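Novice: Sequence and predicted model, in that order:
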Amino acid sequence: DAGVIQSPRHEVTEMGQEVTLRCKPISGHDYLFWYRQTMMRGLELLIYFNNNVPIDDSGMPEDRFSAKMPNASFSTLKIQPSEPRDSAVYFCASRRDRGNTGELFFGEGSRLTVL
Amino acid sequence: GNSVTQMEGPVTLSEEAFLTINCTYTATGYPSLFWYVQYPGEGLQLLLKATKADDKGSNKGFEATYRKETTSFHLEKGSVQVSDSAVYFCALITGKLIFGQGTELSVKP
């Protein structure tokens, strides 16, 4: 079974541009998470979905960030307009278990650099 | 609120040395506890887990015991290898997974 697939793996853009990151979770997983990783702040949960519905977006830093999950096999994280402080590695992860014992499966991440 | 605190890194060890990475948590109820590992350039992957008090998770020579009385889940390995060099994250789950700040381990030959 394929793992969590993220694209692009690397993105370099200029300040003010729109950035869209994509994620395909593992088939059959009903939870999807977006994390951001930086040296300064470590791993931060931005938002997570259950059955395509956003459950907790309290980690989304500001209105420039938005996330959607139009169906069970696809999610996007959009930054508009982007700023240099958004530079980070963005991870998508999914899991199936509805209880508290489920393993989270991570994608390889999208490394974003905003100049 | 729920939180996880790990010992700060980086930790540098010689090959075959004993490893301990401390992790303590604060949580309501009895969460499941996890250790994830991140190798350079990769996403996180589950290393081991424990779902209730006194459970011991183990994998690839690593172990951690869920200690409710001390709210701890310390990671140990008796003899580390160069290939164990990575960042290790302690985590707990209460609906969503909450990670510690990560501890970088560097093992020298």
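Specialist: Sure thing, it's come through.

Novice: Provide a list of residues in contact with the residue of chain A at minimum distance from chain B.
Specialist: Residue nearest to chain B within chain A: residue A:106 (3.4 Å; Cβ to the nearest Cβ). Heads up, the C-betas are built off the backbone N, CA and C, glycines and all. Neighbouring residues of residue A:106 by Cβ atoms under 8 Å, 6 or more residues apart in numbering or on different chains: A:4, A:91, A:92, A:93, B:43, B:44, B:45.

Novice: To which secondary structure element is the last one assigned?
Specialist: Residue B:45 belongs to strand B:44-50 when assigned by DSSP states H and E.

Novice: buried stuff in that strand?
Specialist: B:44, B:46, B:47, B:48, B:49, B:50 (16 or more other Cβ atoms under 10 Å in any protein chain shown).

Novice: average pLDDT across the following helix or strand past it?
Specialist: Downstream of strand B:44-50, the next assigned helix or strand under DSSP H and E is strand B:56-59. Averaged across strand B:56-59, pLDDT comes to 96.

Novice: and strand B:56-59, which residues are buried?
Specialist: residue B:57.

Novice: Could you list the paired strands of it along with their orientation?
Specialist: Paired neighbours of strand B:56-59 in the sheet (DSSP bridges): strand B:62-65 (antiparallel).

Novice: and the partner strand, C-alpha only, in CSV?
Specialist: C-alpha atoms of strand B:62-65 as CSV (Å, rounded to 0.1, in the frame of the first residue of the first chain):
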residue,chain,number,x,y,z
PHE,B,62,14.8,0.6,21.9
GLU,B,63,12.5,0.4,24.9
ALA,B,64,10.3,2.7,26.9
THR,B,65,8.0,2.0,29.8
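
Novice: what does that strand contact?
Specialist: By Cβ under 8 Å, 6+ apart, strand B:62-65 touches B:23, B:33, B:35, B:47-48, B:50, B:54-58, B:73-77.

Novice: tell me the average confidence for that strand?
Specialist: 98.

Novice: elements contacting the following helix or strand past that strand?
Specialist: Tracing the chain past strand B:62-65, the next element assigned as helix or strand by DSSP H and E is strand B:75-77. Packing partners of strand B:75-77 (3 or more Cβ pairs under 8 Å, 6 or more residues apart in numbering or on different chains; DSSP states H and E): strand B:19-21, strand B:62-65.

Novice: now check the lowest-mean-pLDDT helix or strand in chain B, is it near chain A?
Specialist: Ranking every helix and strand in chain B by mean pLDDT, DSSP states H and E puts strand B:96-99 at the bottom, with a mean of 84. Yes - looking at strand B:96-99 against chain A by Cβ under 8 Å from any Cβ of the partner chain, the contacts come from B:96, B:97, B:98, B:99.

Novice: Up against chain A, what does chain B have?
Specialist: So chain B meets chain A at B:31-32, B:34, B:36, B:41-46, B:49, B:51, B:89, B:93-102 (Cβ under 8 Å from any Cβ).
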